[in-house]
Each structure stands twice: as C-alpha cells, then as structure tokens.
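In: Curious how this folds, go ahead:
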Amino acid sequence: MNLRLLAGGLLALGYNSFVGGVPFRALRKIYLKVWLGNLGTGTGVQMGCRFLNGRKVYLGDRNVINFGCLLDGRKFNIRTGSDVSIGPEASILTLGHDPQSSDFADRGGDVVIGNRVWIGYRAIILPGITIGEGAVVGAGAVVTKDVEPFSIMAGNPARKIGERSKGLSYRLNYDPMFL
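Out: Numbering: from 1, shown residues only. Reported below is the predicted structural model:
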C-alpha cells in the first residue's frame, strides 16, 4: 500500500466531505493552506468546492473560487494567476481518457489560467488548456482549445465571440466570513 496515496486520499475525503461544507471561511483557509500546492494571499474558496488531489492545485493571489467548483489535480497541475474569478459550479479538469485507446488509457495535461481571467457559471475547462491573461470564459462554455489573452469565449465548444479591454487594473477583494 502506498502511504502517500492513502494520505492524499484521506486529505481529499476530509476536505470534500467535511471541511469544504463548514460555513466558516477561516477554517477552510487553514486546511487549504496546508493541503494545496499554493493558496495565494487574499484567495477565497467558497463552500462546496471539491479538489481531487489538492497538492497539484496552485491558486494565485486574490482569486475567488465560487461555490460548487471542481478542481481536478489528480495527475497534472492547475495553476492560476492573480485576480482570477471562477464562477459557481465550474469544473477545471486535468485528466480524462483517450477515446481512441483500446485500453482506455489516460490522457491529460496541466491547466494554466492567466491573471484577471473570469470563468463563468458552470464552465468546463478540459485538460491541457492554457487561458491567457484577461480572458473571459462565458457561462456553460466548454473550453477545448487554448484561449488567447483578452478573448471572450462562449459556447460548446467555446469559440471567440469578442475581445476584452486590455487596460484591466482591478484587484479582487471578496472575502466574506461565512461563504
């Protein structure tokens, strides 16, 4: 039995089944500071989020991870920049299967999300994707290809529908005590 895998599984079970549902953000932050690869300054994770191997999830400064998100760091990394807003129930996946594989082999890759990216409600980011600085991923979009900086993407599969202003200077500051 691999003790590291067992410990990682127990940490995931502890957070996903118990700590993640506690309506006191400070307690969740303490757990996530220890468990995640990185929890940036001012980053908040709302209740009901699930992490599959938190050690491979690196959240930058001042991120807002809304309720019900899934961050899949099972085999590959998830890295976010600063001032990233991830909408409710969004999924960021790093691992799937090769549909052409006769033995259902794994296929995946790191997901990298740039500074000031805004990911909408129930968006899905597939494995191996890079989302450039300042991009917007619309609600319900399924991102199957890399996203250029400052692009606005929507649909399934996500396609470019516009450009976002390049003069972004905001700093997220959303940290309520009980969400």
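In: quick one, helices of the chain?
Out: Defined through DSSP state H, the helices belonging to the chain, from first to last, are 3-17, 25-35.
In: Export the ones you listed as JSON lines, with columns for distance to residue 120.
Out: The way it works is simple: take the backbone N, C-alpha and C, and place the C-beta from them, glycine included. Output for the helices of the chain, formatted as JSON lines (distance: least, C-beta to C-beta, whole Å):
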{"stretch": "helix 3-17", "distance to residue 120": "23"}
{"stretch": "helix 25-35", "distance to residue 120": "23"}
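In: Residue 75: which of these is closest?
Out: Ranking these by distance to residue 75, with C-beta to C-beta as the measure, places helix 3-17 first at 11.9 Å.
In: CA atoms only for that closest one - export them in PDB, please.
Out: Listed next in PDB are the C-alpha coordinates belonging to helix 3-17 (Å, rounded to 0.1, in the frame of the first residue of the first chain):
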ATOM      1  CA  LEU A   3       1.200   5.600   2.100                       C
ATOM      2  CA  ARG A   4       1.400   8.900   0.200                       C
ATOM      3  CA  LEU A   5      -1.700   7.900  -1.900                       C
ATOM      4  CA  LEU A   6      -3.600   6.900   1.200                       C
ATOM      5  CA  ALA A   7      -2.700  10.200   3.000                       C
ATOM      6  CA  GLY A   8      -3.700  12.200  -0.100                       C
ATOM      7  CA  GLY A   9      -7.000  10.300  -0.300                       C
ATOM      8  CA  LEU A  10      -7.700  10.900   3.300                       C
ATOM      9  CA  LEU A  11      -7.000  14.600   3.000                       C
ATOM     10  CA  ALA A  12      -9.300  14.900   0.000                       C
ATOM     11  CA  LEU A  13     -12.000  13.000   1.800                       C
ATOM     12  CA  GLY A  14     -11.600  15.200   4.800                       C
ATOM     13  CA  TYR A  15     -11.900  18.400   2.800                       C
ATOM     14  CA  ASN A  16     -14.500  17.300   0.200                       C
ATOM     15  CA  SER A  17     -16.800  15.600   2.800                       C
END
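In: Show me the contact partners of it.
Out: Contacts to helix 3-17, defined as C-beta atoms under 8 Å, 6 or more residues apart in numbering, come from residues 31, 32, 35, 50, 51, 52, 53, 54, 55.
In: So for it, mean pLDDT?
Out: Mean pLDDT, taken over the full extent of helix 3-17, equals 91.
In: what's the answer for stretch 160-169, then?
Out: The pLDDT scores in stretch 160-169 average 96.
In: Do I have it right that residue 54 meets residue 36?
Out: Yes - Residue 54 lies in contact with residue 36 (C-beta atoms under 8 Å); the separation is 4.6 Å.
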